[in-house]
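[1] Just the structure for this:
(one chain, ligands or ions: 3)
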Amino acid sequence: MTTTPPPLLRVRDLTMTFPGRRGRSAPIRAVDGVGFDLAAGETLGLVGESGCGKSTTGRAIVRLLEPTAGSVSYDGRDISHLSQRQLKPLRRDIQMVFQDPHSSLNPRQSVARIISDPLLVQGSSVAEARKRAVELMELVGLIPEHADRCPHEFSGGQAQRIGIARALATSPRLVVADEPVSALDVSVQAQIVNLMERLQRELGLAYLFIAHDLSVVKRVCDRVAVMYLGRIVEIGDKERVYGAPEHPYTRALLSAVPLPDPAAERARERITLLGDPPSPAAPPPGCTFHPRCPKAQAICRTEAPVLRTTAEGEPRQVACHFPESENA
Ligand SMILES: Nc1ncnc2c1ncn2[C@@H]1O[C@H](COP(=O)(O)OP(=O)(O)OP(=O)(O)O)[C@@H](O)[C@H]1O
Ligand code: SF4
Ligand SMILES: [Mg+2]
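    Ligands and ions are numbered 1, 2, ... in the order given. I've put the predicted structure just below:
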């Protein structure tokens, strides 16, 4: 009998709650029962509006945060509550690229020192780590002669290359990339995306690619998860989610993405969402999207929809009482 190996990353019912401000307001449920699998070498996109919990999910997965509830398993091992000492060998395998390239780099350290850091933590000698740092600079398209410069001497795009080189220093298998191109100009975004795709092909990396730009996610991902107020509302194969979105929120997000063809842009229907997202400290009852949903009905105000498939074999799940394909 053969058994299926566990996915590289398995996340189940992940919940992250922060205390309310100065303990006076209600706790903030930034992530509320998130679950998905990620296979080796695969890219899953995580999209949603600002504040929906994308970065918090990423930080819990790389264990910069300890989950309040639920589990994160890496290669079949539950890492949710490991101590820093127990996590140390895993830091080699699981790395993160941060949202703002400049603020995530120590301004007083040289680039070689910044990229060496994860290797020094793992016990490499200074000389070994520096040699590897210079190789990595070349790999990500930086000039090795600039190894002794400090981050402020680099542009945003170059700083993000430094962040990527640092994340790759220990030859990880999983990289959580938190909005790796959001802070960059469009032309530089394409260069960084190309670089990340090439590195994935060459090194077999799996990416959790966090972004709010749906066009970038469409390009780089195999599957996509759409988050709203701490929960995944739709997840599945990219072609299905982009080609035939089921959830009203996914449909609204996609309807706001500009189309390259001006005629198609004029002809298409735009779905405007009502108001701003509610606070995660006071989520609405039932479906948390109901105050903004153009399709909301009575049941939506009282019963939270669960993530489910709408047809047998459908490679996507949706959390909605009235998904698009079931419209009468
Ligand atoms: N350390 C913290 N303490 C209290 N609240 C927090 C903390 N970190 C995040 N939050 C709150 O949790 C929610 C989710 O934040 P998070 O940064 O994960 O969102 P995001 O989807 O990454 O947003 P963005 O697109 O703006 O980066 C927000 O309401 C945020 O204010
Ligand atoms: S469950 Fe109801 S409110 Fe929620 S997304 Fe679906 S139709 Fe809208
Ligand atoms: Mg974020």
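[2] Now look at stretch 206-218 and say if it contacts ligand 1.
    Yes. Legend: contact between stretch 206-218 and ligand 1 by CB under 6 Å from any ligand atom is shown at residue 212. No exception for glycine: its C-beta is placed from N, CA and C like everyone else's.
[3] Please spell out which residues along that stretch are buried.
    For stretch 206-218, a neighbour-count test (16 or more other CB atoms under 10 Å) marks 206, 207, 208, 209, 210, 211, 212, 213, 214, 216, 217, 218 as buried.
[4] For residue 56, give me its contacts.
    Residues near residue 56 by CB atoms under 8 Å, 6 or more residues apart in numbering: 16, 30, 31, 65.
[5] Surely the first one is in contact with residue 65?
    Read it as residue 16. Yes. With contacts counted by CB atoms under 8 Å, residue 16 reaches residue 65, the gap being 6.2 Å.
[6] Give me the more crowded residue out of these two.
    The neighbour comparison of residue 16 against residue 65 (other CB atoms under 10 Å) goes to residue 16, with 23 against 17.
[7] follow-up on the earlier one: which one of the buried residues of stretch 206-218 sits closest to residue 194?
    Proximity of the buried residues of stretch 206-218 to residue 194 (CB to CB) peaks at residue 216, which lies at 11.7 Å.
[8] Against ligand 1, how distant is the closest one?
    13 Å (CB to the nearest ligand atom, to the nearest Å).
[9] give me the element that residue is part of.
    helix 214-220 (DSSP states H and E).
[10] List of residues touching the least confident helix or strand in the chain by mean pLDDT?
    One helix or strand of the chain scores below all others by mean pLDDT, DSSP states H and E: helix 262-267, with a mean of 81. Helix 262-267 is touched from outside by 258, 259, with contacts defined as CB under 8 Å, 6+ apart.
[11] That helix: how far from the chain's middle?
    How far helix 262-267 lies from its chain's middle: 31 Å, per CA atoms, centre = their mean, to the nearest Å.
[12] hang on, residue 185 packs against residue 157?
    Yes. If you go by CB under 8 Å, residue 185 and residue 157 touch, sitting 7.3 Å apart.
[13] more crowded one of these two?
    Each of residue 185 and residue 157 has its neighbours counted (other CB under 10 Å); residue 157 has more, 19 against 12.
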